[in-house]
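J.: what follows is a predicted structure for the sequence shown.
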Amino acid sequence: MNQLRPQPFIAKRPAEITQRLHRRPRGHGTLIVRLPTEKGEKFVVSGMEDNYTVEICSTPSCSCPDWETPCKHMLFVYIDVLYLDESDPLTCQTCFLPSELTEMGIRPNVAPPAPQVLQPTTPAKRIMIDLTSSESPSPKRPRANRPRVELTTDGLDAGAVRQILLFALDKHPEIRRLIDKHRSTPLDGLSAEASRTVLLEIASKHDDVLREIGDVREQENAQVQTFANDVARITRILRSLDSVSEYEVRGRIDEIVDPAEEAIRGIADQLSRFGNSASMHNALAALSEVASTSLSYYVERAMEEEGGIMGAIEMSVVSVLKLMRGEEKAKAIKGLGSLRRILRDRDGGDLESHIHDWEANRTEESRTRRKEVRTARSSEGVVGVVRLVQVW
């Protein structure tokens, strides 16, 4: 379907916009925050005297007193935040088509379904329980209209599962015996898999626990960071010199290396705010995508001479992996095959060292754990023999 433009396309930049371009707040301007909206994205930027909100959508706007479009703050966002070229006709438009917003890296706040990146559910078969059903309702079953909640732990990391189990114990102390049944020995804690199994068993009997699963999963999914905007921005930076000559690339390579490295490090830094399992997996996927970005021959050569961006990618990947534990981390490492090959080709060693050390520690911990279990079982056997002798 053809997209209709409400205002004519401006092919040649007017002189007054060129003047504003040079007045944009480069030295003193700062991006304070970037937020998605239903129509596009908002950027809060600092000006000479105040902070202003720039909204980039089908009809871009700014809260500054300058009513012209684009104003100098909008030009700052286009060029210094979204990394459009100064000669790009998009910098002087008064309206945008959806395809142009996508090209600029603008992503409206359309919540995607939760990524299926967490550990599989146990049991594999899922059960749908209708909390509004009128068939043989229990005394505790609410009659209010509530959505159906799926009996699954998909979308919950290990911490969330533990949180809901503690909630269930507080509401239903009698389930402690059920939890004890899932310990491999009386001395053991619950494994991650056993925690999910017992939680599903409890939730199938107690509607309040099932509702808690739904509420926590909703909270977790609301915090999932997809990093799509970051990948689009980094790609735009890396390709901003594709059309210039070899000589010019060598002179301007710092213009893309420094901001690209900063944006790459920002992916890992955001996990302090979006620290759930899905966000961690998405961060690794984003870093892998950036590492696989194809560049022009001259840009790639110039970046290699400057040290490139692979060091920043490798450090960020290691930072994310350090936040992960157990099977979740093992699954993440397994999915890094292509990225590990790329880094090995570029003589990267930090990621391989981290993975080697973690696998060695994991093997040692597993060995120690098996030894403790054997010791505990032997002790139980001795106690049983003593009791048998006492009976006789």
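T.: All right, it came through fine. Numbering: from 1, shown residues only.
J.: so who does Leu241 touch?
T.: Applying CB atoms under 8 Å, 6 or more residues apart in numbering, we find Leu241 in contact with 248-249, 252-253, 255-256, 296, 298-299. Yep, even glycine has a C-beta here, placed from its N, CA and C like the rest.
J.: tell me the pLDDT of Ile56.
T.: Note on Ile56: pLDDT of 93.
J.: who's in contact with it?
T.: Contacts of Ile56 (CB under 8 Å, 6+ apart): 40-43, 74, 77, 82, 96, 101, 104, 106.
J.: go again using 6 Å as the cut-off
T.: Shown in contact with Ile56 (CB atoms under 6 Å, 6 or more residues apart in numbering): 40-41, 106.
J.: what about burial for the residues you listed, which qualify?
T.: By neighbour count, with 16 or more other CB atoms under 10 Å, these hold 40-41, 106 as buried.
J.: in strands, which of those fall?
T.: Judged by DSSP state E, the buried ones among the contacts of Ile56 include Glu41 as members of strands.
J.: same list (the buried ones among the contacts of Ile56) but as a markdown table, adding pLDDT and distance to Arg362.
T.: Shown next, in a markdown table, are the buried ones among the contacts of Ile56 (pLDDT from 0 to 100; distance: CB to CB, whole Å):
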| residue | pLDDT | distance to Arg362 |
| --- | --- | --- |
| Gly40 | 88 | 45 |
| Glu41 | 89 | 41 |
| Ile106 | 86 | 42 |
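J.: quick one: which of the buried ones among the contacts of Ile56 is nearest to Glu289?
T.: Ranked by distance to Glu289 (CB to CB), the buried ones among the contacts of Ile56 are led by Ile106 at 18.5 Å.
J.: that closest one reaches Phe43, doesn't it?
T.: No. Counting by CB atoms under 6 Å, Ile106 stays clear of Phe43, with 10.0 Å between them.
J.: check which helix or strand covers the residue positioned nearest the centre of the chain.
T.: Centroid check for the chain by CA atoms, centre = their mean gives Ser279 as the closest residue, at 2.6 Å. Counting by DSSP states H and E, the element that carries Ser279 is helix 277-291.
J.: which helices and strands does that helix pack with?
T.: helix 228-238, helix 310-322, helix 337-345 (3 or more CB pairs under 6 Å, 6 or more residues apart in numbering; DSSP states H and E).
J.: let's see that with 10 Å instead.
T.: Helices and strands touching helix 277-291, by 3 or more CB pairs under 10 Å, 6 or more residues apart in numbering; DSSP states H and E, are helix 158-171, helix 207-222, helix 228-238, helix 254-269, helix 310-322, helix 326-334, helix 337-345.
J.: from Phe9, how far out is Val45?
T.: 26 Å (CB to CB, to the nearest Å).
J.: who has more neighbours out of these two?
T.: The residue with more neighbours, out of Val45 and Phe9, is Val45; 25 against 13, by other CB atoms under 10 Å.
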